[in-house]
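Novice: Have a look at this fold, sequence not included:
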């Protein structure tokens, strides 16, 4: 197996808690040895071992690849007019999802595959090396299963989100749709997914109540799926407490929380995944990341890339928003977008640079991770393609 010694690393972010160099485990004048798809050695350049090949990064920073633990990439259609309407003051209530459902159902497999592939390439060009992909724009048995099959061509982190919203044709009988999600739809989708998710948002007439969400999550757990929850996007609700009670890996949005919600998260392993691109795109209040961090809640950052409330795949943009708008330090934001999001996926092999971890790395056209929030909108991050190294 060929080994590659990567040198010329001005700053290496490891996220390794065994390194006594702050939250990010930073090493200056660093080197990394990669063998195959794994990290084989990490340290300073002056102690680096020999390797079969050598690549000099020329004084750039190297980080664990960004982990995007919340995305909705399997969709067709365009909702830019909806965005423009929101900027003019029309509030978001989840109803626009039906527009994407109609377009996605009408698209062919090949059309959807090409769209997802382009979005994945876009993410890698901005430093994302792992992405979770949800279904949720089909909302029929066949269309949800199709979305998961396509998502599975690009990631192992696939999430069944048949409980995204109640589709228009089912709104006269919500109970029947919940029965479908928990029954025939789940049976068809569980073999294609690792996770189940639900949009628990009683303030939206299109999403699901606490009791509906509980039933859906319990059915998914019984089918062998791990749990995720959308909660607290539009207002305070039961989703956070439900996620903690059921042992969900992550509860996402967390824009509106009570002190009891924060206490529950602080006393649990459930990760609070914040999605500030949504607040930017809906002109809504941002989550209070500082309150969560100060309470000891484990946090993550993700894009929520979707056609309606955040059509951005940029984790560097998310990091900049987290620092500027949510009270996070640059170190906290970078950690949340790497190790934090890895924890939200219950993964220990990504989001970190240490021996045995996956060699999923992101290089910056800059000497330090501080440039991510310092230079918002500038394309300085990209996934390191080891196969392209000379």
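Specialist: Arrived safely. Source: prediction; values computed, not measured.
Novice: Can you get me a residue count around the residue lying closest to residue 209 once chain neighbours are set aside?
Specialist: Counting by Cβ to Cβ, 6 or more residues apart in numbering, residue 202 is the residue found nearest to residue 209 once chain neighbours are left out, at 5.1 Å. All C-beta spots, glycine's among them, are computed from the backbone N, C-alpha and C. Neighbours of residue 202 under the rule other Cβ atoms under 10 Å: 18.
Novice: contacting residues for residue 202?
Specialist: With contact set as Cβ atoms under 8 Å, 6 or more residues apart in numbering, residue 202 has these partners: 208-210, 237-238.
Novice: any idea of the pLDDT on residue 98?
Specialist: With respect to pLDDT, residue 98 scores 85.
Novice: does residue 218 really touch residue 246, like I thought?
Specialist: Yes: Residue 218 lies in contact with residue 246 (Cβ atoms under 8 Å); the separation is 7.3 Å.
Novice: which residues in the stretch 201-350 of the chain form strands?
Specialist: 226-231, 250-253, 271-274, 299-301 (DSSP state E, counting those that start in this stretch).
Novice: looking at the ones you listed, which is closest to residue 7?
Specialist: strand 299-301 (29.6 Å; Cβ to Cβ).
Novice: thought residue 101 was touching residue 135?
Specialist: No: here residue 101 does not reach residue 135: they are 11.0 Å apart, not a contact under Cβ under 8 Å.
Novice: ok, back up a step: kindly reformat the strands of the stretch 201-350 of the chain as JSON lines and extend each row with mean pLDDT and distance to residue 54.
Specialist: Shown next, in JSON lines, are these (pLDDT from 0 to 100; distance: least, Cβ to Cβ, whole Å):
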{"stretch": "strand 226-231", "mean pLDDT": "98", "distance to residue 54": "41"}
{"stretch": "strand 250-253", "mean pLDDT": "98", "distance to residue 54": "39"}
{"stretch": "strand 271-274", "mean pLDDT": "98", "distance to residue 54": "38"}
{"stretch": "strand 299-301", "mean pLDDT": "98", "distance to residue 54": "33"}
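Novice: now those strands as a markdown table including distance to residue 158 and mean neighbour count?
Specialist: Compiled in a markdown table, the strands of the stretch 201-350 of the chain are given as follows (distance: least, Cβ to Cβ, whole Å; neighbours: other Cβ atoms under 10 Å):
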| stretch | distance to residue 158 | mean neighbour count |
| --- | --- | --- |
| strand 226-231 | 11 | 27 |
| strand 250-253 | 15 | 28 |
| strand 271-274 | 17 | 30 |
| strand 299-301 | 18 | 29 |
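Novice: Can you say which of those is nearest to residue 191?
Specialist: Of the strands of the stretch 201-350 of the chain, nearest to residue 191 by Cβ to Cβ is strand 226-231, at 14.3 Å.
Novice: Show me what the closest one is packed up against.
Specialist: For strand 226-231, the packing partners by 3 or more Cβ pairs under 8 Å, 6 or more residues apart in numbering; DSSP states H and E come out as strand 195-200, helix 210-222, helix 239-246, strand 250-253.
Novice: Mind putting the ones you listed into JSON lines with distance to residue 332?
Specialist: As requested, these are exported to JSON lines (distance: least, Cβ to Cβ, whole Å):
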{"stretch": "strand 195-200", "distance to residue 332": "25"}
{"stretch": "helix 210-222", "distance to residue 332": "29"}
{"stretch": "helix 239-246", "distance to residue 332": "20"}
{"stretch": "strand 250-253", "distance to residue 332": "17"}
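Novice: Ok, which of the ones you listed comes nearest residue 64?
Specialist: Once the helices and strands packed on strand 226-231 are compared by Cβ to Cβ, strand 250-253 is nearest, at 18.1 Å.
Novice: Partner strands of the closest one, with direction?
Specialist: If you go by DSSP bridges, strand 250-253 pairs up with strand 226-231 (parallel), strand 271-274 (parallel).
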